[in-house]
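# Give the three-dimensional model of this entry:
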Amino acid sequence: MRFEEITKDTEIRASVRHKDYAISNVKEFPVQDQRIFAVITDGREISVIAEADLELDYISQEKPLRIISFDTKLPFDLIGFLAYITKLLADQDISIFALSAFSTDHLFMKEKYLERAVEVLKENGVIIEVE
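Numbering: from 1, shown residues only. Alright, predicted model coming up:
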């Protein structure tokens, strides 16, 4: 299914999380903690996305970051959703880090980009709630 098809019948909804987050390159897997959003390993490095106040033994880190999460369940075979969204933001010089889960996508960005990113998405039909 192409992105243009899903927008005919489906409202695209997103929410902005109110907490600050960090993405960290860490030496080893962290102890499980409810403040951890995601742990990603690709065989070369371990990345942890967690609430910014979580103390981690990191190699490098970017923070504070904010998250826009798409709340609309997206079909696994959807084509072009993230490409469309990221192009809207790239055209406005908004730097993001995107992470896809099974049925939704999350955009991480520095605070300085958040307000404009929300405006751009709203202008393009995304219904956004700020938590």
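# ranges for the strands of the chain?
Along the chain, the segments classed as strands by DSSP state E run 13-16, 21-26, 36-41, 46-51, 58-70, 97-100, 105-110, 127-130.
# List just the one of those that sits closest to Phe76.
strand 97-100 (10.1 Å; Cβ to Cβ). Using the backbone N, CA and C atoms, a C-beta is placed for each residue, glycine as well.
# Could you tell me which ranges of the protein sit under the pLDDT cut-off?
Low-confidence segments of the chain (pLDDT under 70): 1, 3.
# need the longest helix for it.
helix 111-123 (DSSP state H).
# buried ones in that one?
113-114, 117-118, 120-121 (16 or more other Cβ atoms under 10 Å).
# hang on, the earlier thing: go through the strands of the chain and name the closest to Asp77.
Of the strands of the chain, nearest to Asp77 by Cβ to Cβ is strand 97-100, at 13.2 Å.
# what's around the nearest residue to Lys63 once chain neighbours are set aside, how many residues?
Leaving aside its sequence neighbours, Lys63 sits nearest to Ala22 (Cβ to Cβ, 6 or more residues apart in numbering; 3.4 Å). Counted with other Cβ atoms under 10 Å, residues neighbouring Ala22 total 20.
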